[in-house]
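Q: pasting the sequence and the predicted coordinates here, then a few questions.
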Amino acid sequence: MKSGLLKKTGDNGKEISLFSATALGIGGMMGAGLFSLLGTASAHAGTHIPLAFLIGAIAASFSVYSYAKLGATFPSSGGAATFTVMSFGPGVISGGLNVFQYIAYLIAAALYAAGFSEYANTMLGGNLSPLEVKIISALIVAICAGVNLLGTQIVGRAETLAIGFVTIALLLFSAGGIHIAQVHNFEMSGGSLNGIAIAAGILYINYQGFGVVTNSSNAMHEPQKELPLAMFSALVLVTIAYVLVSTAVILLLTPEKIQEFSGHVLAEAAQLVAGKIGFVAIASSALLACAAALNATIFAASNIAADMATTSSISKALGATVLKTQSRSLSVSAVMVIALVLAFPLDVVGKMASLAFLLVYAAITYGHIKVRKQTGAKLWPLWTAIIVNLGLFATLFINVIETAPNSAIALASALIGSFALEALSRRHEKNRASR
């Protein structure tokens, strides 16, 4: 999520240590989706949420392998946007994929904005109307866009402090929750194999931040060694935290209670552990995590868009209009995120975000096969990543078609529209050049 911030690091010529790269990966993955999507995942997995998190992590590990190899071979602050061009060459495929990847970041940003407003409503007593909750979502997007337009360096430091606070709060909650839980009375319930797979797909968005580490590869001393270690270390540590937190939740609350509290379940569970103090601490952590993730994701999306406009990642015709400058792309990004927040509820936008990234990772890994001789990657992990990502995508997409067909249509339209827009832009560019 923080590729824009990482780009600055590389461009300034500062070397990034293994510890710093690992911390960036943890910061990219930790927090926001966890606070927002536990209730949605529980509707499908029942008390098997920790297992769903674990399956999501295993699925992500194969994509981590692919990205680590690509990042080590093609070190660049452009990250995945660079990988598509290196794999597919400059053209409609890489351009369309990068446009869709940009949209995926916007959907993720909408999820974090919706999560922020959900916990803001909880902190205010839960008495806000649906319209007022939507207004809060739009306002936090506008505020984050405004902060990014100022280009302040304080943002990066504030996000680091926020993630540190969130991590400590979650670990304390996990330890306290597991300690006071009446484990002997606990019974597993709900969650068919298909339901657990759907939940794993929903929770996949919690791991999408691993890609941010690749944006720092050009600032590493030995990216071939340090990048894979940093990415896998971050994935393992975050997975442990997620499993512990979700275990504490299912030990403290019944599936019915998890569904009742849905988008703010962690705050309610924390209240059982430490009373009002626990409730406020976790709710505050949720607000910090969602705001930090939203801010970083909008910045990264707009920075990627501006970067694509100055390279052959997308057509010059498209880059010279919508994404001409970073300030313009930032404004466009903010408006699109607000539109997504207003159009879709929290659980739906969460599913859309996971679907988008599952598809992006599968496509980029397929492209990796084309340049495998350069990266030295083994073939079986790449094909496993493609199959697992597409499998989770298909399972979750079928569920979305059944439960929220409009969002499925919107996502399919975004995918088709990305390539159609790129193709039309390149044709227009070609026609102008031939005159």
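A: All right, it came through fine. Note that this is a predicted model, so its numbers are computed, not measured. Numbers count the residues shown, from 1 in each chain.
Q: for the chain, give me the ranges with low pLDDT.
A: 1-15, 31, 77-79, 149-160, 215-216, 300, 302-304, 306-326, 435 (pLDDT under 70).
Q: mind checking the longest helix of it?
A: In the chain, taking DSSP state H as the definition, the longest helix is helix 265-309.
Q: how far does that helix sit from the chain's center?
A: Mean C-alpha position of helix 265-309 versus that of the full chain (C-alpha atoms, centre = their mean, to the nearest Å) differs by 12 Å.
Q: over to stretch 175-183?
A: Here the centre of mass of C-alpha atoms in stretch 175-183, compared against the chain's by C-alpha atoms, centre = their mean, lies 29 Å away.
Q: just the helices in the stretch 151-300 of the chain please.
A: With DSSP state H, counting those that start in this stretch as the definition, the stretch 151-300 of the chain shows helices at residue ranges 154-180, 193-203, 223-252, 255-261, 265-309.
Q: so what secondary structure elements neighbour the first one?
A: Applying 3 or more C-beta pairs under 8 Å, 6 or more residues apart in numbering; DSSP states H and E, one finds that helix 154-180 contacts helix 18-29, helix 223-252, helix 265-309. Where C-beta positions appear, they are placed from N, C-alpha and C, glycine not excepted.
Q: what about the ones you listed, which gets the closest to Ile398?
A: The closest approach between Ile398 and any of the helices and strands packed on helix 154-180, judged by C-beta to C-beta, belongs to helix 223-252 at 24.1 Å.
Q: in that closest one, what's buried?
A: Of the residues in helix 223-252, those buried under the neighbour-count criterion (16 or more other C-beta atoms under 10 Å) are 223, 226-228, 230-235, 237-239, 241-252.
Q: contacts only, for the residue nearest to Leu203 when sequence neighbours are not counted.
A: Residue nearest to Leu203 in three dimensions, not counting chain neighbours: Gly56, with 4.7 Å by C-beta to C-beta, 6 or more residues apart in numbering. Remark: with contacts taken as C-beta atoms under 8 Å, 6 or more residues apart in numbering, Gly56 is in contact with 200-201, 203-204, 206-207.
Q: quick one: Gly56 and Ile205, what's the gap?
A: When C-beta to C-beta, to the nearest Å is applied, the distance between Gly56 and Ile205 equals 9 Å.
Q: quick one: end-to-end distance for stretch 83-93.
A: With C-alpha to C-alpha, to the nearest Å as the measure, stretch 83-93 spans 12 Å from end to end.
Q: list the buried residues for that stretch?
A: 83-88, 90, 92-93.
Q: how about stretch 28-40 as PDB, C-alpha atoms only?
A: The C-alpha coordinates for stretch 28-40 follow below in PDB (Å, rounded to 0.1, in the frame of the first residue of the first chain):
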ATOM      1  CA  GLY A  28       1.400  -2.800   4.600                       C
ATOM      2  CA  MET A  29      -0.500  -5.900   5.800                       C
ATOM      3  CA  MET A  30      -1.400  -5.300   9.500                       C
ATOM      4  CA  GLY A  31      -4.700  -3.900  10.600                       C
ATOM      5  CA  ALA A  32      -7.400  -2.300   8.600                       C
ATOM      6  CA  GLY A  33      -9.000  -5.400   6.800                       C
ATOM      7  CA  LEU A  34      -8.800  -7.400  10.100                       C
ATOM      8  CA  PHE A  35     -10.900  -4.800  12.000                       C
ATOM      9  CA  SER A  36     -13.500  -4.600   9.200                       C
ATOM     10  CA  LEU A  37     -14.000  -8.100   7.800                       C
ATOM     11  CA  LEU A  38     -14.100 -10.600  10.700                       C
ATOM     12  CA  GLY A  39     -17.900 -10.500  10.900                       C
ATOM     13  CA  THR A  40     -18.200 -11.000   7.100                       C
END
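Q: gap between that stretch and the chain center?
A: In terms of C-alpha atoms, centre = their mean, the gap separating the centre of stretch 28-40 from the centre of its chain is 9 Å.
Q: show me which residues of that stretch are buried.
A: Using 16+ other C-beta under 10 Å as the burial criterion, the residues of stretch 28-40 that qualify are 28-40.
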